[in-house]
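Following is a predicted model, sequence given first.
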Amino acid sequence: MTKADRKEREREIRRKDIIGAAERLFFADDYENVTMNDIAKEAEMARGTLYQYFKNKDDIHAAIAIRAAKMIGETFQELLNKDQTGIEKVRSICEFYYDFYKKYPGYYKAYYHAGMFDLKGSPTLDQLRQIRKNSFQEAVNAVKVGMEDGSIRENLDPVVTTLYMLATANNINNISPVTQMYMDEYGLTHDMLFELTLDMAIRSIENNGK
């Protein structure tokens, strides 16, 4: 290993250490409450050292979102490579998002952070945008497969259909306090609401005449 290779390896290790420290803080508290000073202390580094690797806190947050995006992208490929009809692929994707939300709430929150793409000056965002676009296109392709194999109505727009399914999944994953109050009143669990809503969404796009 050359000196340059060793330096690059050490730099990558430090970068991962910073991301790991930020994850622990962001996942334990609200993103807005965490400062660069907090991250530096958690990573056991000088605050100035952080700026050698990331432009600002938003840049670090985007790096965490990329970790989540890569995790999602890998599972996407596994799901889409299965021998399933298009409608089965769409259902599998929605179920995966819900499972990911429950298993990795911190990563899910970073991945779907409402203001993520409003951030300015984050060198990491372009990479994140491309990963997200690729994952969305994979979901669109699953809908197209369904239209071709007859499991999804052919008169639908595949992009709009994917957006509809994505919005439905996100709304169910991110239950508001008011919705939770209604659920408690009628004895509905989060899992029950997800399954019932997913069934209704699937029925709205499937080809019943197949």
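Okay, I see it.

List the residue ranges of this protein that fall below the pLDDT cut-off.
Residue ranges of the chain with pLDDT under 70: 113-123, 209-210.

residue ranges of the helices in it, please?
3-28, 36-43, 47-50, 57-80, 86-103, 105-111, 125-149, 158-173, 177-185, 190-205 (DSSP state H).

Provide a list of residues in contact with the nearest residue to Q127 once chain neighbours are set aside.
Among residues not flanking Q127 along the chain, I66 sits closest, at 6.2 Å (Cβ to Cβ, 6 or more residues apart in numbering). In short, each C-beta sits where N, CA and C put it, glycine included. Contact analysis of I66 by Cβ atoms under 8 Å, 6 or more residues apart in numbering lists T124, Q127, L128, I131.

hang on, the third one packs against A65?
Spelled out, it's L128. Yes. Using Cβ atoms under 8 Å, L128 makes contact with A65 at a distance of 5.5 Å.

Now S176: phi and psi?
Here the main-chain torsion angles of S176 (degrees, to the nearest 10) amount to phi -80, psi 160.

Check Q52 too.
phi -80, psi -20.

so E95 makes contact with T197?
No. With contact defined as Cβ under 8 Å, E95 does not reach T197; the gap is 11.9 Å.

ok, back up a step: just the contacts of I66 now: which is nearest E23?
Comparing those against E23 with Cβ to Cβ picks out T124 as the nearest, at 14.4 Å.

mind giving me the domain split of this protein?
Domain ranges of the chain: 1-53, 66-205, per automatic domain parsing.

ok, D126 - how many residues close by?
Counted by other Cβ atoms under 10 Å, the residues lying close to D126 total 10.

Repeat that for Y31.
18.

Count the residues that sit near the residue lying closest to it once chain neighbours are set aside.
In space, and not counting its chain neighbours, Y31 is closest to H61: 6.5 Å by Cβ to Cβ, 6+ apart. H61 has 26 neighbours, counted by other Cβ under 10 Å.

for L80, same thing?
What L80 shows, counting by other Cβ under 10 Å, is a neighbour count of 16.

residue contacts, it?
K89, E138, N141, A142.

Filter those residues down to the buried ones.
Neighbour counting with 16 or more other Cβ atoms under 10 Å marks K89, E138, A142 as buried within the contacts of L80.

Now distance to G20 too, for those, in TSV please.
Formatted as TSV, the buried ones among the contacts of L80 follow (distance: Cβ to Cβ, whole Å):
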residue	distance to G20
K89	33
E138	28
A142	33
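
Show me which of these is closest to T189.
Out of the buried ones among the contacts of L80, the member with the shortest distance to T189 (by Cβ to Cβ) is K89, at 26.2 Å.
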